[in-house]
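[1] pasting the sequence and the predicted coordinates here, then a few questions.
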Amino acid sequence: MEVRVRLFTVLREITNKREETLQFPDDKEVTVEVVLKTLSQKYGAAFTEYVYSGKTGEPKGFLQFLVNGVSIQTLSGLQTKLGDGDVLAVLPPVGGG
């Protein structure tokens, strides 16, 4: 199973990639949380510190996660299941003026 992850701003700088393609065994249940932990292991402390709160261990509240363009808040949160070909976008806060 293949999942693509689109990365923006700081995460793009940390990974040197706009998009990461991850491969998982077809029989593995893949959730948003599994993908984030996989990327955290791959990219180390800089990725982990940007995405996760050191106090709670949860992803920081300013980040938004979209699966195929739909916010995980309207789905099953971090437990949202991903399928082959799904795209997870990790979006930073958006400012305007």
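    Ah, there it is.
[2] and the next helix or strand past the longest helix along the chain?
    Selection of the longest helix in the chain by residue count, based on DSSP state H, yields helix 32-51. Going down the chain from helix 32-51, the next helix or strand is strand 64-67, by DSSP states H and E.
[3] distance from that following strand to the middle of the chain?
    Averaging C-alpha positions (Cα atoms, centre = their mean, to the nearest Å) puts strand 64-67 7 Å from its chain's average.
[4] give me the sheet partners of it and which way each runs.
    Applying DSSP bridges, strand 64-67 is found paired with strand 70-71 (antiparallel), strand 87-91 (antiparallel).
[5] any residues touching it, and which ones?
    When contacts are defined by Cβ atoms under 8 Å, 6 or more residues apart in numbering, strand 64-67 is touched by residues 32, 59, 71-72, 75, 78, 80, 82, 86-91. (Each C-beta comes from the backbone N, C-alpha and C, glycine too.)
[6] just the buried residues of that strand, please?
    By 16 or more other Cβ atoms under 10 Å, the buried positions in strand 64-67 come out as Phe65, Leu66, Val67.
[7] and if you look at stretch 23-34?
    Residues of stretch 23-34 classed as buried: Phe24, Val30, Thr31, Val32, Glu33, Val34 (neighbour count, 16+ other Cβ under 10 Å).
[8] got the contact list for the worst-scoring helix or strand of the chain on mean pLDDT?
    The least trusted helix or strand in the chain, going by mean pLDDT, DSSP states H and E, turns out to be helix 9-15, with a mean of 94. With Cβ under 8 Å, 6+ apart as the test, helix 9-15 has contacts from Leu7, Arg18, Leu39, Tyr43, Ala46, Phe47, Tyr50, Val51, Val90, Pro92.
[9] and what of stretch 72-89?
    Against stretch 72-89 from outside (Cβ under 8 Å, 6+ apart): 1-6, 8, 26, 29-33, 35-36, 59, 65-69.
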